[in-house]
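Engineer: Would you be able to build a 3D model of this:
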Amino acid sequence: MSADAKHYDVIRKPLITEKTTMASENGAVVFEVAMDANKPQIKEAVEAVFGVKVKAVNTTITKGKVKRFRGQTGTRRDVKKAYVTLEEGNTIDVTTGL
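Structural biologist: Numbers count the residues shown, from 1 in each chain. Sure thing, here's the model as predicted:
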């Protein structure tokens, strides 16, 4: 497996919500990442894929909600988010792929 494939396994997708848009005004970008990814791996992957300098990485795990679908109960999957704070002067435009 190449190094790039490894980085793309760590970063799943960027998250674009009202909350993440407000975070981007402070130089932070939010990504959905693999559940087993740790902060150094996330930092390395973002720097390699986007060519920026990362200042800090904060992570949070959101547990999947229990929902009903056609009378059956099911559980949504757990999601790990990474709030990546970039160094001054670095930006990532995640809206270009939409």
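Engineer: drop to CA atoms for contacts and neighbour counts, all remaining ones
Structural biologist: Will do.
Engineer: got any ranges where the protein has weak pLDDT?
Structural biologist: Scanning the chain for pLDDT under 70 picks out 1-3, 95-98.
Engineer: try 50 this time
Structural biologist: Low-confidence segments of the chain (pLDDT under 50): 98.
Engineer: And the helices in it, which stretches?
Structural biologist: Counting by DSSP state H, the chain has helices at residues 3-10, 18-24, 39-50.
Engineer: Which residue is the nearest non-sequential neighbour of residue 45?
Structural biologist: Distances taken as CA to CA, 6 or more residues apart in numbering place residue 7 nearest to residue 45, at 4.7 Å, with adjacent residues excluded.
Engineer: Run a quick neighbour tally on that neighbour.
Structural biologist: Neighbour count of residue 7, defined by other CA atoms under 10 Å: 19.
Engineer: quick one: it from residue 43, how far?
Structural biologist: 10 Å (CA to CA, to the nearest Å).
Engineer: and if you look at residue 58?
Structural biologist: Shown here: residue 58 relative to residue 43, a distance of 10 Å by CA to CA.
Engineer: quick one, which of those two is more surrounded?
Structural biologist: More crowded of residue 58 and residue 43, by other CA under 10 Å: residue 43, with 22 against 13.
Engineer: List the contacts of residue 20.
Structural biologist: Residue 20 makes contact with 29, 30, according to CA atoms under 8 Å, 6 or more residues apart in numbering.
Engineer: where's it relative to residue 4, distance?
Structural biologist: Noted for residue 20: a distance of 25 Å to residue 4, by CA to CA.
Engineer: show me where this protein has strands.
Structural biologist: Along the chain, the stretches classed as strands by DSSP state E are 11-14, 28-33, 54-62, 66-69, 72-75, 79-86.
Engineer: and residue 75, what is it in contact with?
Structural biologist: Applying CA under 8 Å, 6+ apart, we find residue 75 in contact with 64, 65, 66, 67.
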